[in-house]
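Participant: I need the structure of the sequence given here:
(chains A and B)
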Protein chains: 2
Amino acid sequence: MKSQLKIFKIGGGIIDHEPDLLEFLRLFSEVSGPKILVHGGGKGASEMMTNLGIAPQMVNGRRITDAATLDIVTMFYAGKTNKQVVAGLQKLGVNALGLSGADGNVIQAVKRPVREIDYGFVGDLDETSINASLIHQFLELGLTPVFCPINHDGHGQLLNTNADTIAASLAKALSQQYAVELHFCFEKNGVLTDVNDNQSVIPKITPVNYTELKEQGIIAAGMLPKLENAFDALNYGVEKVIIEHALHINGTLKTELCMN
Amino acid sequence: MKSQLKIFKIGGGIIDHEPDLLEFLRLFSEVSGPKILVHGGGKGASEMMTNLGIAPQMVNGRRITDAATLDIVTMFYAGKTNKQVVAGLQKLGVNALGLSGADGNVIQAVKRPVREIDYGFVGDLDETSINASLIHQFLELGLTPVFCPINHDGHGQLLNTNADTIAASLAKALSQQYAVELHFCFEKNGVLTDVNDNQSVIPKITPVNYTELKEQGIIAAGMLPKLENAFDALNYGVEKVIIEHALHINGTLKTELCMN
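Facilitator: Here you go, the predicted structure:
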């Protein structure tokens, strides 16, 4: 039987509010067994760019990672946020190891090809991106990897990468070796039938009722990419995907996605 | 017989000049056997503070690491510089792993006690600071640790630490297990008898001629702390300390310090 591995992803909504981040880290420190944390960015990088007079580069409403932006997000995500999270976890007795994709070559990304839009220094992941063997060895050493959303291309270029994508790619690659539970943590209690009612959580979504819920227009459009990501991970052998509030990961109110 | 380990330290003079940094990384990638790189900071952090309107805090001519300064140096040293160095080494086929002291709890520092001056968030190291066992396991995995000068206190606080001190402390702790060569790399060819003549390198310094050179006032005052650090490391069992130009680590012009 495969041993369990829990992968948690947190985003800017938690990172930007220090008391929430510390409370999440406390709850995360109580999660038993091998585990991984993936964190996104926060507003800090944008605020610093504003303070430095670096205008955000936008094309067709999409943010572009130009060289100046890449520098700032690398500093914030791989420097400040990652090291504060790692030091916070060490305080709680979790032997955290902060990682960008470049460290140990654990994640190698591919610069997004230029089509209608040149997204700049943004990295996409594919089936060969994750170095599951080294991550497994870190876990075997009792370490808890903490990934920031900065990867590299193997040719010396750092690349900004979506943290949901990193979490899902890690879950898929590590499901060969582990029974993986992937937790997307955010500021709602789960997938809601009514976005204004945080109690209206759909407890379980399978491919069958997912189709129904989509057809009935019950799931908010903003949730669909996360859910597509989640079902993709389940198709690749991830056991369970959980969508839940970052401050209630020890609770029962959550949405569980599984194949049946 | 102990296996060899080479530890290299580079400072701001190399980091601030990208072509020099890339050339150093190329030379470093050609060094055979297990190795470690320790890098200091550079001018980038000070420049960013100026651009953000954060005035450097000075007391009695000494720079103080206040909370705002710590944020910026963490971003620069642990984020930008460390990840650029790691990605640059990956490109050259070196499986580099970027580390702050918080990562894997590899270095635990103690906040410098307040005496005449409160240095702020500055960390000192002692005999118990280095987690030699985990660093050894990283080396056994074929990884090349790359240390930035940011450590933690184990209670969630990050601390700025002198990179020379980190390199010497690593050398001392790892000399239990390895025959350690410690390389201090900078912008001179070694310890000079005439600071204006880069060819006037003293090829070998032992405790005997060190005393003579000091008494004769031949060694520049600025070199003395580095040399005291070096002899301290030798006293703790480090085999050899080499002081050399960062761009000539493969050359023969250098100062070698050893016990006899």
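Participant: how close does whichever residue of the stretch 51-200 of chain A sits closest to chain B sit to B:V122?
Facilitator: Across the stretch 51-200 of chain A, the shortest distance to chain B (Cβ to the nearest Cβ) belongs to A:G79, at 2.3 Å. Using the backbone N, CA and C atoms, a C-beta is placed for each residue, glycine as well. According to Cβ to Cβ, to the nearest Å, A:G79 stands 18 Å off from B:V122.
Participant: between these two, which one's more packed in?
Facilitator: Taking neighbours as other Cβ atoms under 10 Å in any protein chain shown, A:G79 and B:V122 compare with A:G79 leading, 31 against 21.
Participant: Ignoring the adjacent residues along the chain, who's closest to that one?
Facilitator: Nearest-residue entry for A:G79: B:G79, 2.3 Å, with adjacent residues in sequence omitted and distances by Cβ to Cβ, 6 or more residues apart in numbering or on different chains.
Participant: ok, now which ones touch A:N51?
Facilitator: Listed by Cβ atoms under 8 Å, 6 or more residues apart in numbering or on different chains, the contact set of A:N51 reads B:L52.
Participant: Against the centre of chain A, work out the most remote residue.
Facilitator: Taking Cα atoms, centre = their mean as the measure, the residue most remote from the mean C-alpha position of chain A is A:G53, 29.0 Å away.
Participant: Could you check how far that residue is from A:P113?
Facilitator: 31 Å.
Participant: Pull the number of nearby residues for the closest residue to A:S100 other than its chain neighbours.
Facilitator: Closest residue to A:S100 apart from its sequence neighbours, by Cβ to Cβ, 6+ apart: A:I150 at 4.4 Å. Applying other Cβ under 10 Å, we find 32 residues neighbouring A:I150.
Participant: hey, what's A:I150 bridged with?
Facilitator: A:N160 (DSSP bridges).
Participant: Surely it and A:M75 touch.
Facilitator: No. Judged on Cβ atoms under 8 Å, A:I150 makes no contact with A:M75 at a distance of 9.8 Å.
Participant: what sits up against stretch A:1-9?
Facilitator: Where contact means Cβ under 8 Å, 6+ apart, the residues beyond stretch A:1-9 that reach it are A:28, A:31, A:33-40, A:139, A:163-164, A:166-167, A:170-171, A:174, A:177-185, A:249.
Participant: Pull out the buried positions in that stretch.
Facilitator: When neighbours are counted by 16 or more other Cβ atoms under 10 Å in any protein chain shown, the buried residues of stretch A:1-9 are found to be A:5-9.
Participant: any idea what A:A173 is structurally, helix, strand or coil?
Facilitator: On the three-state scheme (DSSP: H, G, I helix; E, B strand; the rest coil), A:A173 is labelled helix.
Participant: Please report the distance of it from B:Q157.
Facilitator: 34 Å.
Participant: Which residue of these two possesses the greater neighbour count?
Facilitator: Legend: neighbour count by other Cβ under 10 Å for A:A173 and B:Q157, higher for A:A173 (25 against 18).
Participant: A:G237 versus that one, what's the distance?
Facilitator: Applying Cβ to Cβ, the value for A:A173 to A:G237 is 10 Å.
Participant: So which bits of chain A are right by chain B?
Facilitator: Taking Cβ under 8 Å from any Cβ of the partner chain as the contact definition, chain A meets chain B at A:48, A:51-52, A:71, A:74-80, A:82-84, A:86-88, A:90-91, A:95-98, A:100, A:102-105, A:134, A:137, A:141, A:143, A:150, A:152, A:154-158.
Participant: all helices for chain A, in order.
Facilitator: All helices of chain A, identified by DSSP state H, fall at A:12-15, A:18-29, A:43-51, A:67-73, A:82-91, A:132-140, A:163-174, A:207-215, A:224-235.
Participant: B:N229: which of those is closest?
Facilitator: With Cβ to Cβ as the criterion, B:N229 lies closest to helix A:82-91 of the helices of chain A, at 25.6 Å.
Participant: residues in contact with the closest one?
Facilitator: Under Cβ under 8 Å, 6+ apart, the answer for helix A:82-91 is A:21-22, A:25, A:28-29, A:37, A:39, A:96-98, A:100, A:144, A:146, A:148, B:74, B:78-79, B:100, B:102-103, B:105, B:150, B:152, B:154-158.
Participant: Can you say which of those residues are buried?
Facilitator: A:21, A:25, A:28-29, A:37, A:39, A:96-98, A:100, A:144, A:146, A:148, B:74, B:78-79, B:100, B:102-103, B:105, B:150, B:152, B:154, B:156-158.
Participant: Just the ones of these in strands?
Facilitator: Among the buried ones among the contacts of helix A:82-91, the members falling in strands (DSSP state E) are A:37, A:39, A:96-98, A:144, A:146, B:150, B:152, B:158.
Participant: can you tell me which of the residues you listed lies nearest to B:N260?
Facilitator: Closest approach to B:N260 among those (Cβ to Cβ): B:I150, at 36.7 Å.
Participant: coming back round to it: including distance to B:N196 and pLDDT, could the ones in strands among the buried ones among the contacts of helix A:82-91 go into JSON lines?
Facilitator: Formatted as JSON lines, those follow (distance: Cβ to Cβ, whole Å; pLDDT from 0 to 100):
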{"residue": "A:L37", "distance to B:N196": "53", "pLDDT": "98"}
{"residue": "A:H39", "distance to B:N196": "51", "pLDDT": "98"}
{"residue": "A:A96", "distance to B:N196": "49", "pLDDT": "98"}
{"residue": "A:L97", "distance to B:N196": "46", "pLDDT": "98"}
{"residue": "A:G98", "distance to B:N196": "44", "pLDDT": "98"}
{"residue": "A:T144", "distance to B:N196": "53", "pLDDT": "98"}
{"residue": "A:V146", "distance to B:N196": "49", "pLDDT": "98"}
{"residue": "B:I150", "distance to B:N196": "35", "pLDDT": "98"}
{"residue": "B:H152", "distance to B:N196": "42", "pLDDT": "98"}
{"residue": "B:L158", "distance to B:N196": "40", "pLDDT": "98"}
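Participant: partner residues bridging A:F184?
Facilitator: Using DSSP bridges, the bridge partners assigned to A:F184 are A:K9, A:I243.
Participant: Pull the contacting residues for it.
Facilitator: A:9, A:164, A:167, A:226, A:230, A:241-244.
Participant: Tell me the pLDDT of A:K226.
Facilitator: If you check A:K226, the pLDDT there is 86.
Participant: let me fix that: A:H17
Facilitator: In this prediction, A:H17 carries a pLDDT score of 94.
Participant: Same check on A:T81?
Facilitator: On pLDDT, A:T81 comes in at 97.
Participant: tell me the contacts of it?
Facilitator: Applying Cβ under 8 Å, 6+ apart, we find A:T81 in contact with A:15, A:39, A:41-42, A:44, A:148.
Participant: can I get those in CSV with distance to B:L257?
Facilitator: Formatted as CSV, the contacts of A:T81 follow (distance: Cβ to Cβ, whole Å):
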residue, distance to B:L257
A:I15, 46
A:H39, 43
A:G41, 45
A:G42, 46
A:G44, 44
A:C148, 39
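Participant: out of these, who's nearest A:E212?
Facilitator: Closest approach between the contacts of A:T81 and A:E212, by Cβ to Cβ: A:H39, at 33.5 Å.
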